[in-house]
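Enquirer: predicted coordinates and the sequence they were generated for:
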Amino acid sequence: MQIRCYKCQMPIALGRDVVAEALALVKKENLAHYDVRCPKCRTTNRVSKKQLSRIAPRTKTDKKE
């Protein structure tokens, strides 16, 4: 998943494993978003639960039959 920093516009890559962990944390703690820090300017960027669930790897229990 690629996002851009809201302040400096630097692209930030999030791997599938990071996205899966972030989505699990958001669901576990009932959060609306996940915070990602920009490595360049250290600004906190919010990634919504909806964005995370769209890109997260699917499991057998997630697939509709």
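Expert: Structure received.

Enquirer: just give me the neighbour total for the residue nearest to His33 when sequence neighbours are not counted.
Expert: Among residues not flanking His33 along the chain, Arg46 sits closest, at 4.2 Å (Cβ to Cβ, 6 or more residues apart in numbering). Every residue, glycine included, has its C-beta placed from N, CA and C. Neighbourhood size, Arg46 [other Cβ atoms under 10 Å]: 12.

Enquirer: Arg46 sits in which helix or strand?
Expert: With secondary structure defined by DSSP states H and E, Arg46 is part of strand 44-48.

Enquirer: and the next element down the chain from that strand?
Expert: Strand 44-48 is succeeded, C-terminally, by helix 49-55 (DSSP H and E).

Enquirer: who are the packing partners of that following helix?
Expert: With contacts taken as 3 or more Cβ pairs under 8 Å, 6 or more residues apart in numbering; DSSP states H and E, helix 49-55 sits against helix 16-28, strand 33-37.

Enquirer: may I have stretch 51-60 as PDB, with CA atoms only?
Expert: Extracted in PDB, the C-alpha atoms of stretch 51-60 (Å, rounded to 0.1, in the frame of the first residue of the first chain):
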ATOM      1  CA  GLN A  51      -8.600   1.900   3.400                       C
ATOM      2  CA  LEU A  52      -6.800  -0.800   5.400                       C
ATOM      3  CA  SER A  53      -9.500  -3.400   4.900                       C
ATOM      4  CA  ARG A  54      -9.600  -2.700   1.200                       C
ATOM      5  CA  ILE A  55      -5.900  -3.500   0.700                       C
ATOM      6  CA  ALA A  56      -5.500  -6.200   3.500                       C
ATOM      7  CA  PRO A  57      -4.700  -9.700   2.400                       C
ATOM      8  CA  ARG A  58      -7.800 -11.900   2.300                       C
ATOM      9  CA  THR A  59      -8.100 -15.000   4.500                       C
ATOM     10  CA  LYS A  60     -10.300 -18.000   3.900                       C
END
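
Enquirer: contacts for that stretch, please.
Expert: 1, 16, 19-20, 22-23, 26, 34 (Cβ atoms under 8 Å, 6 or more residues apart in numbering).
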